Structures are given as C-alpha cells and as structure tokens.
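Q: what follows is a predicted protein model with its sequence.
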Amino acid sequence: MNTLFPIFLKGDFLKFLIVGGGNVGLEKLEALLKNSPEAKVTLVAPLIKDEIVELTKTHSIDLYYEPYSVDFLKFANVVIAGTDSSEVNKQVQQDCKANNILVNVADTPDLCDFYLGSIVKKGDLKIGISTNGKSPTFAKRFREILEEILPDSLQETLDNLQSIRNKLKGDFTYKVNKLNEITREMNNPKP
Ligand SMILES: C[C@@]1(CC(=O)O)c2cc3[nH]c(cc4nc(cc5[nH]c(cc(n2)[C@H]1CCC(=O)O)[C@@](C)(CC(=O)O)[C@@H]5CCC(=O)O)C(CC(=O)O)=C4CCC(=O)O)c(CCC(=O)O)c3CC(=O)O
Ligand SMILES: NC(=O)C1=CN([C@@H]2O[C@H](COP(=O)(O)OP(=O)(O)OC[C@H]3O[C@@H](n4cnc5c(N)ncnc54)[C@H](O)[C@@H]3O)[C@@H](O)[C@H]2O)C=CC1
C-alpha cells in the first residue's frame, strides 16, 4: 500500500531540529538548505562534521555539541533524527510523538512520519519523487532522468501562464476553462 500524502513545506518559515552531526545529519541538512536556504535549523550532537560547521557561515544554523535531550524539541516544528544510535533515534521519535511534532528517523522507515524525497527543480517547477521507501537509489536515478529531459524553457512557460492567469477577467469557471484551453496542447505535444 502506498498511502504517502505529499505536501510542499515552506521550509523558510519553519524551525527544524536535526539530531546527529555525522554523514546522515549532513546529507539531510544539505537536502533541506538546498530547497529552503532560509530555514532555521538547530543541530545537536556531541560530534559535528566540519562540513556542517562550514554551513553555519551561510545559513541560520545553531550548533549544540552535546547529547540530545527532550528540551531541544522547543526549537522544532519538524525533527530529523540521524544519529548512529538506534536507542537515541527511538527516544527522539517517542518524544516527538508525545509533543505532536513531525519526525523523520533516517535509518528506520517504520518510525518516520514523513520521508525526504528526491527533488527535481526547474525554476518554479519542483517535483518530489518517492519510492515509498523501497529504493532511494531509484529515486535518485529517476531524478537524474527528469533533470535531463525537462527543458530550461519551462520557466518561461510558467511565467507566461502566470501573467495570463493574473490578467484573466471573469468568474472562476471562465478562468478554469480558459486556462485549460490554453494548456490543452501540453498533453498532446506536436512531433
Ligand atoms: C525511507 C527514507 C527515509 C528518509 O531518509 O527520509 C530513506 C531511508 C534510507 N536510505 C538509505 C540509504 C540511502 N539513501 C540514499 C539517498 C537518499 N535517500 C533519500 C530518502 C530516503 N531514504 C527515504 C525514502 C525515500 C523514498 O521513498 O524513496 C533521498 C531520496 C532524499 C534525501 O535523503 O535527501 C536521497 C537521494 C537524494 C537524491 O540524490 O536525489 C542512498 C543513495 C545515495 O546516497 O547515493 C542510499 C544508499 C543506497 C540505498 O540503500 O539505496 C537507507 C539504508 C541505510 C543503511 O543501509 O544503513 C535507509 C534506511 C532504510 O531504508 O531502512
Ligand atoms: N537514511 C539514510 O539516508 C542513511 C542512513 N544511514 C544510517 O544512519 C546512521 C548514522 O550514520 P552516519 O551519519 O554515517 O554516522 P556518523 O558516525 O557519521 O554520525 C553519527 C552522529 O550521531 C551523533 N550522536 C551519537 N549519539 C548522539 C546523541 N546521544 N545525541 C545526539 N547525537 C548523537 C554523533 O555525535 C555523530 O554526529 C547509521 O546507523 C547508518 O546506518 C546511513 C546511510 C544513509
């Protein structure tokens, strides 16, 4: 069963807590900042990789060089746990559940409220890819395929459609019909 419900978070307006400062902590931090460079991040771990420290120069990241404790949840709307201790990750997950905070436990899909996706970005177009946890490598490869085939001119198309959308006068039904008419050929591209 694939019951995942995809949403696109406005990460720039949210507070994130990352527990763990190793490879996984870095990977998830980079994924977040690539999409939402203004996100407020708190990261807690006794050991924190140099690459993470480097990112504090250009982004809003507070580092705490200590073991996780529940007090850190006050810094968070969303939590990602990626320590090398399954007990710590489990504790983070339980604390988040008790506090109604969404949590991702990177190495334990069963404990995740959400998964990170592979992200294709062409200007304002963003596509999130998930394999329901089956194969992150497939998600990565599929991202590469989409990145290759999507034309850069997409942004121009989106800008044009936005300007038409803003100029259309009439009621909702009229606008819907008009926009569908203009974009009909997208489903039927000329050879
Ligand atoms: C469930 C999920 C939870 C979550 O992390 O959110 C999860 C879980 C796990 N990943 C593992 C391993 C790897 N993860 C990657 C890469 C990515 N992983 C990402 C997401 C997710 N990974 C979520 C499901 C996404 C979905 O639904 O498809 C991506 C898409 C997004 C991101 O992380 O930003 C990003 C690609 C970004 C890109 O490039 O586009 C690679 C490949 C590589 O790095 O080249 C490998 C090694 C090869 C392999 O195993 O496939 C392991 C085993 C750990 C171990 O063996 O110890 C687990 C744990 C488990 O499955 O039990
Ligand atoms: N989901 C994914 O994409 C992947 C998951 N993994 C798994 O994730 C786990 C972590 O891997 P790495 O990041 O490579 O390990 P690592 O050894 O590079 O980093 C572990 C981090 O956890 C921190 N930590 C340990 N105890 C802590 C505590 N009590 N509170 C806060 N932080 C604490 C350490 O200080 C360190 O920063 C491993 O179990 C690995 O199998 C590995 C690869 C990919």
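A: Nice, I can see it. Since the structure is predicted, the reported quantities are computational estimates derived from the model, not experimental observations. Numbering: from 1, shown residues only. Ligands and ions are numbered 1, 2, ... in the order given.
Q: any idea which element the residue sitting furthest away from the middle of the chain lies in?
A: Relative to the centre of the chain, and counting by CA atoms, centre = their mean, the farthest-placed residue is residue 170 at 36.1 Å. Using DSSP states H and E, residue 170 maps to neither a helix nor a strand.
Q: what separation is there between it and residue 177?
A: 9 Å (CB to CB, to the nearest Å). Yep, even glycine has a C-beta here, placed from its N, CA and C like the rest.
Q: quick one: residue 124 and residue 157 touch, right?
A: No. At 10.1 Å, residue 124 does not count as touching residue 157 under the criterion of CB atoms under 8 Å.
Q: look at these two and report which has more neighbours.
A: residue 157 (14 against 10; other CB atoms under 10 Å).
Q: look up how far ligand 1 lies from that one.
A: Distance of residue 157 to ligand 1, given as CB to the nearest ligand atom, to the nearest Å: 24 Å.
Q: just the CA trace of the helix or strand hosting that residue, in PDB.
A: Assigned by DSSP H and E, residue 157 belongs to helix 154-167. The C-alpha trace of helix 154-167 is given here as PDB (Å, rounded to 0.1, in the frame of the first residue of the first chain):
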ATOM      1  CA  LEU A 154       9.800  25.600 -18.600                       C
ATOM      2  CA  GLN A 155      10.300  28.700 -16.500                       C
ATOM      3  CA  GLU A 156       9.300  30.900 -19.400                       C
ATOM      4  CA  THR A 157       6.100  28.800 -19.900                       C
ATOM      5  CA  LEU A 158       5.300  29.100 -16.200                       C
ATOM      6  CA  ASP A 159       5.900  32.900 -16.200                       C
ATOM      7  CA  ASN A 160       3.700  33.300 -19.300                       C
ATOM      8  CA  LEU A 161       0.900  31.200 -17.800                       C
ATOM      9  CA  GLN A 162       1.100  33.200 -14.500                       C
ATOM     10  CA  SER A 163       0.800  36.500 -16.400                       C
ATOM     11  CA  ILE A 164      -2.200  35.200 -18.400                       C
ATOM     12  CA  ARG A 165      -3.700  33.900 -15.100                       C
ATOM     13  CA  ASN A 166      -3.400  37.300 -13.500                       C
ATOM     14  CA  LYS A 167      -4.900  39.100 -16.400                       C
END
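Q: next SSE downstream of it?
A: Sequence order places helix 172-182 as the next helix or strand after helix 154-167, per DSSP H and E.
Q: now do that following helix: everything it contacts.
A: Identification of contacts with helix 172-182 by CB atoms under 8 Å, 6 or more residues apart in numbering yields 161, 164-165, 168, 170.
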